[in-house]
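**Q** show me the folded form of this:
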Amino acid sequence: FMLWKVNKDTASQNNFYKFITDYQEWFREIGESFSPKSLESYYAVIDGQQRMTSLYIGLGGTYRRKKPNKRWKDTEDAMPTKILYLELSAPLTTVIDNEKMYNFAFMSKDELNEDAHKNPDHFWFEVAKVLEFQKLSDVNGYIFKNNLTDNDFAISTLSDLFNKINTEDLINYYVVTDQDPDKVLDVFLRTNRGGTPLSFSDLLMSIASANWTLFDAREELKRK
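**A** The predicted model follows:
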């Protein structure tokens with residue numbers, strides 16, 4: 001990740017946006033504007049926004065997508081709310097996405113109930129609940145409470161998930177402290193030359209979104 005440490009004066013001269021936690025196709029695909037006027041300083045994510053959004057949605061948010069053959073309506077029938085689950089009973093036995101071992105899936109309540117009826121041996125763990133574990137003994141307590149003590153895969157998988165999310169230092173980041181947006185953009189461009197190149201329109205949109213003060217650049221261009 002690349003972070004920009006923004007002070008209060010810089011924040012008042014630029015536009016920033018919240019991360020999406022509850023994604024909804026068509027209705028909620030971009031974050032709301034954010035004005036941190038009460039903060040002396042904070043960190044804005046310059047590079048890694050898609051990864052951060054994925055973490056937000058997977059670890060504490062929801063995902064809604066229109067069902068096939070349904071009209072575009074903001075209803076549970078047309079767009080059921082789904083949360084991320086991890087299946088603990090056994091590793092995947094089929095080749096899916098480069099032979100993944102773990103079965104993660106966004107599921108609605110109806111889908112969860114339907115799977116429980118078809119596959120009573122499945123045990124789906126709500127991924128966001130891993131944040132409620134304070135120590136490894138909490139994981140062991142959950143395993144015991146849900147009668148999974150004889151399942152080595154469940155024990156090792158949930159323990160690994162706990163360590164990856166709550167214990168291990170896995171995220172690398174670089175902090176830019178310069179308050180000049182042009183210099184921040186220059187640092188971003190130089191560090192991303194080896195990755196997926198951004199088009200001129202992508203960069204122009206980022207600059208407009210940050211610097212337009214009378215209008216919201218994203219909303220204005222969306223109307224066009």
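
**Q** helices of the chain, residue ranges please.
**A** 8-12, 49-60, 109-118, 136-145, 152-162, 181-191, 200-211, 217-223 (DSSP state H).

**Q** residue 68 is nearest to which of these?
**A** Closest approach to residue 68 among the helices of the chain is made by helix 109-118 (14.2 Å; C-beta to C-beta). For glycine as for every other residue, the C-beta is placed from the backbone atoms N, C-alpha and C.

**Q** now do the closest one: which elements does it pack against?
**A** Contacts defined by 3 or more C-beta pairs under 8 Å, 6 or more residues apart in numbering; DSSP states H and E place helix 109-118 against no helix or strand at all.

**Q** contacts for that helix, please.
**A** Applying C-beta atoms under 8 Å, 6 or more residues apart in numbering, the contact partners of helix 109-118 are 80, 82, 85, 107, 122, 124.

**Q** again with stretch 151-170
**A** 59, 86, 88-91, 102, 123, 125, 127, 130-131, 133, 136, 138-139, 142-143, 148-149.

**Q** now, of these, which are buried?
**A** 86, 88, 89, 123, 125, 127, 130, 133, 139, 142, 143, 148 (16 or more other C-beta atoms under 10 Å).

**Q** make CSV out of those and add pLDDT.
**A** Formatted as CSV, the buried ones among the contacts of stretch 151-170 follow (pLDDT from 0 to 100):
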residue, pLDDT
86, 98
88, 98
89, 96
123, 98
125, 98
127, 98
130, 98
133, 98
139, 98
142, 98
143, 98
148, 98
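
**Q** restricted to strands, list those.
**A** 86, 125 (DSSP state E).

**Q** for residue 108, see how far away the residue nearest the centre of the chain is.
**A** Centroid-nearest residue in the chain, with C-alpha atoms, centre = their mean: residue 54, separated by 2.2 Å. Distance, residue 54 to residue 108, using C-beta to C-beta, to the nearest Å: 19 Å.

**Q** again with residue 141
**A** Counting by C-beta to C-beta, the gap from residue 141 to residue 108 is 28 Å.

**Q** more neighbours: which of these two?
**A** Shown here are residue 141 and residue 108; by other C-beta atoms under 10 Å, residue 108 has more neighbours (18 against 12).

**Q** understood, closing this out.
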